[in-house]
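K.L.:
Below is the structure, and that's it, no one-letter string:
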C-alpha cells in the first residue's frame, strides 16, 4: 500500500512539473521588463557553495511554485521551498534546515538578460557542535538572485539566516553561497 501511495505522489509531481515547464512567462502589462518566470508546478533545484557561520559550507534546496499573481503592475510567483545548509570549520560543524514560503520577481531585459529575485520566510531548525552539541528551532529567512543565462540553468547567489529562540538565549545560523539553479 505504501509503495502505491509513493508511486502515485511521484506521478502527480511529475505531471505537475511537466505542466509547469510549458507554462508561459507572465509579463507585466504596464512595466514590460517585469515578469513572473515560474509557472505553477515549476520546480527549481539549487546547489551553492560558500561561507557559513562555521566556515566553508554547502547549501541546497528545492522550490515548488504554487501560483502566479500580480500586485498591481508587479507579477509575482508564490511557492514553497525546503532549504538545507551544512558548514564545516575548526570550531565545529553546523546544519540548518528550513521550510519557507517564497515570493519571486523576474526581470526580463531580453535574450540572456533574464534575472530573478527571490525571498522566503518560514520555520527553521539548527543543529550545531560548536561549543557543545545544541539544537534550536526558530524563524528562517532566505533570499537572493538568479541570472538565467539559459532557459533552464541559472547562476545563483543566495543567503539565509535561521534565528533560534529560547535555546541558550537564542542562536543564529548564517550562510551565503554561489552556485547553480536547475529549472524542471
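P.N.:
Here it is on my side, so go on. These numbers come from a predicted model, not from an experiment.
K.L.:
in the chain, which segments are predicted with low confidence?
P.N.:
Flagging of the chain using pLDDT under 70 yields the residue ranges 1-31, 130-133, 166-171.
K.L.:
That one: strands as residue ranges?
P.N.:
Assigned by DSSP state E, the chain shows strands spanning 26-27, 34-36, 43-52, 55-71, 74-89, 92-108, 114-128, 134-147, 153-164, 171-183.
K.L.:
how about these in TSV, adding mean neighbour count?
P.N.:
Heads up, the C-betas are built off the backbone N, CA and C, glycines and all. As requested, the strands of the chain are arranged in TSV below (neighbours: other C-beta atoms under 10 Å):
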stretch	mean neighbour count
strand 26-27	18
strand 34-36	22
strand 43-52	19
strand 55-71	18
strand 74-89	19
strand 92-108	20
strand 114-128	19
strand 134-147	18
strand 153-164	20
strand 171-183	19
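K.L.:
and the nearest residue to residue 96 once chain neighbours are set aside, how far is that from residue 74?
P.N.:
Spatial nearest neighbour of residue 96, excluding adjacent residues (C-beta to C-beta, 6 or more residues apart in numbering): residue 173 at 4.3 Å. For residue 173, the distance to residue 74 equals 31 Å [C-beta to C-beta, to the nearest Å].
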